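K.L.:
structure here, sequence nowhere to be found:
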C-alpha cells in the first residue's frame, strides 16, 4: 500500500505517539466531557479513535520498516504485555544503517 511505504525515524514515531497521547488527554478531560452533549462527545471520540489509530498504525508500520521488519509485526499490539515491548522498541530501537527492502534511511 502506498500509505505505508518507506521508513519513519524514531523522532517521527515519537511525535505521532505523543501527539495522540496528548489529544487523548485533552479529549478525556472532565471539563470537556461535561460541557459537550453525549452525542457530540461520542462523535468526537469516534473521530479521534479512527484518526489516532490510523496515524499510529501507518507510522508504526513505517517505523518497523526502518529497522527492517515487516509491517505485520504491528499485530503484536494485540497481545497483552507484548504491546508494551513493541511500543518501547518503536520508540528506542535504532534504525538500520543500510538501505533495506523498504528504502533508504532518512
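P.N.:
Received it, and whenever you're ready, just let me know what you need. These figures come from a predicted structure and were not determined experimentally.
K.L.:
pretty sure residue 23 contacts residue 55?
P.N.:
No. Counting by CB atoms under 8 Å, residue 23 stays clear of residue 55, with 10.0 Å between them. No exception for glycine: its C-beta is placed from N, CA and C like everyone else's.
K.L.:
so who does the most centrally placed residue in the chain touch?
P.N.:
Closest to where the C-alpha atoms of the chain average out (CA atoms, centre = their mean) is residue 56, at 1.9 Å. By CB atoms under 8 Å, 6 or more residues apart in numbering, residue 56 lies in contact with 16, 17, 20.
K.L.:
mind running it again at 6 Å?
P.N.:
residue 20 (CB atoms under 6 Å, 6 or more residues apart in numbering).
K.L.:
just the element for it, please.
P.N.:
Here residue 56 sits within helix 38-66, counting by DSSP states H and E.
K.L.:
next helix or strand past that helix?
P.N.:
Using DSSP H and E, the helix or strand that follows helix 38-66 towards the C-terminus is helix 82-92.
K.L.:
list the buried ones in that next one?
P.N.:
By 16 or more other CB atoms under 10 Å, the buried positions in helix 82-92 come out as 86, 87, 90.
K.L.:
any idea of the mean pLDDT in that helix?
P.N.:
Averaged over helix 82-92, pLDDT sits at 92.
K.L.:
then stretch 48-66?
P.N.:
Averaged over stretch 48-66, pLDDT sits at 93.
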